[in-house]
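> Fold the following and give me the result.
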Amino acid sequence: MQFDAADEAPQDLSHAGAIVDKAIEYMLGQNIGALSAASALLGGALGLLARSMTDEAICQVLTNALESVRHGELRHMSGPEA
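From the prediction side, this is the model:
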């Protein structure tokens, strides 16, 4: 991901997120399982990162994601536990 000089998210990040949300909604509407949809999105995201970042930078992104999981940040974002 490219950030500006102040390390702020790019302006199109919100738009990209909305498109991904619609893609998820569509896949689930097509009876694609949540794990399959998430795996496909993750694979696509990793492929996109591989085209624009070094392996070390990708490892850092994944390390940050793992730390978010370990600290419960993703559970907090997803709402109440089922």
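
> Give the buried residues for the longest helix anywhere in the chain.
What stands out as the longest helix in the chain, according to DSSP state H, is helix 34-52. Along helix 34-52, these residues count as buried under the neighbour rule (16 or more other C-beta atoms under 10 Å): 37, 49. From N, CA and C alone the C-beta is placed, and that goes for glycine too.

> Show residues contacting it.
With contact meaning C-beta atoms under 8 Å, 6 or more residues apart in numbering, helix 34-52 is reached by 20, 23-24, 27-28, 57-58, 61.

> which of the residues you listed has the most neighbours?
If you count neighbours using other C-beta atoms under 10 Å, the busiest of the contacts of helix 34-52 is M27, which has 17 neighbours.

> For that one, which non-adjacent residue is spatially closest?
A37 (4.2 Å; C-beta to C-beta, 6 or more residues apart in numbering).

> per-residue confidence for D55?
Note on D55: pLDDT of 97.

> repeat for the one 4 residues further on
Per-residue confidence at C59 stands at 97 (pLDDT).

> what's the offset of the lowest-mean-pLDDT helix or strand in the chain from the middle of its chain?
When each helix and strand of the chain is scored by mean pLDDT, DSSP states H and E, helix 73-78 comes last, with a mean of 79. The chain centroid and the centroid of helix 73-78 are separated by 13 Å, computed with C-alpha atoms, centre = their mean, to the nearest Å.
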